[in-house]
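Undergrad: give me a 3D structure for the following:
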Amino acid sequence: MADKTTYSISELAKEFDVTTRSVRFYEDQGLLKPARRGQTRIFSSKDRVRLKLILRGKRMGFSLAETKELFDLWDETLTGNEKQLLKMLAILDNKRAHLEQQKNDIAQAEMEMETAETRCREALAELQKRKESQTEQPSSEKAGA
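TA: This is a model prediction of the structure:
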């Protein structure tokens with residue numbers, strides 16, 4: 001499908017496994033700019049690449065505002081520029097720091113869960129020992145009587 005020069009909304013939605021409503025939403029947000037033939041949207045190869053980048057950015061945690069800002073910087077020149085690349089690096093650094101914090105938070109939560117699980121298992125074992133000793137006591141008292 002990459003050899004085509006224009007695409008319908010349903011072709012793009014199918015190719016990228018999104019709904020046509022999602023494609024229209026990205027258009028409403030100014031991220032895609034299809035041509036129109038009457039009521040029909042005609043998406044270009046550029047729109048197709050942008051949709052691919054939008055979805056990639058989404059997977060990496062980019063907000064639509066961040067993606068739009070990068071697209072706008074790209075549109076200032078035909079080949080992108082230092083400002084765009086620096087912005088992209090700043091966003092990536094921010095996302096990486098956020099992921100590292102999430103990994104640390106997950107590791108902390110796992111340690112707390114392990115500690116809680118250990119305490120629960122110890123308390124349960126203690127309760128079961130007491131229960132066993134209480135059920136054994138009456139029979140030993142009967143034997144001694």
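Undergrad: run the chain-centre distance for the lowest-mean-pLDDT helix or strand in the chain.
TA: Ranked by mean pLDDT, DSSP states H and E, the helix or strand of the chain with the weakest confidence is helix 64-76, at a mean of 85. Put simply, helix 64-76 sits 20 Å off its chain's centre (CA atoms, centre = their mean, to the nearest Å).
Undergrad: what does that helix rub up against?
TA: Contacting residues not belonging to helix 64-76 are listed as 26, 29-31, 50, 53-54, 57-58, 80-81, 83-84, 87-88, 91 [CB atoms under 8 Å, 6 or more residues apart in numbering]. For every residue, glycine as well, the C-beta is placed using N, CA and C.
Undergrad: specify which member of those residues is nearest to residue 40.
TA: residue 26 (17.2 Å; CB to CB).
Undergrad: helix or strand: which one has the closest one?
TA: helix 20-28 (DSSP states H and E).
Undergrad: give the rounded mean pLDDT of that helix.
TA: The pLDDT scores in helix 20-28 average 96.
Undergrad: please apply the same query to stretch 94-106.
TA: 94.
Undergrad: now it, how far from the centre of its chain.
TA: 13 Å.
Undergrad: residues in contact with it?
TA: For stretch 94-106, contacts defined as CB under 8 Å, 6+ apart pick out 60-62.
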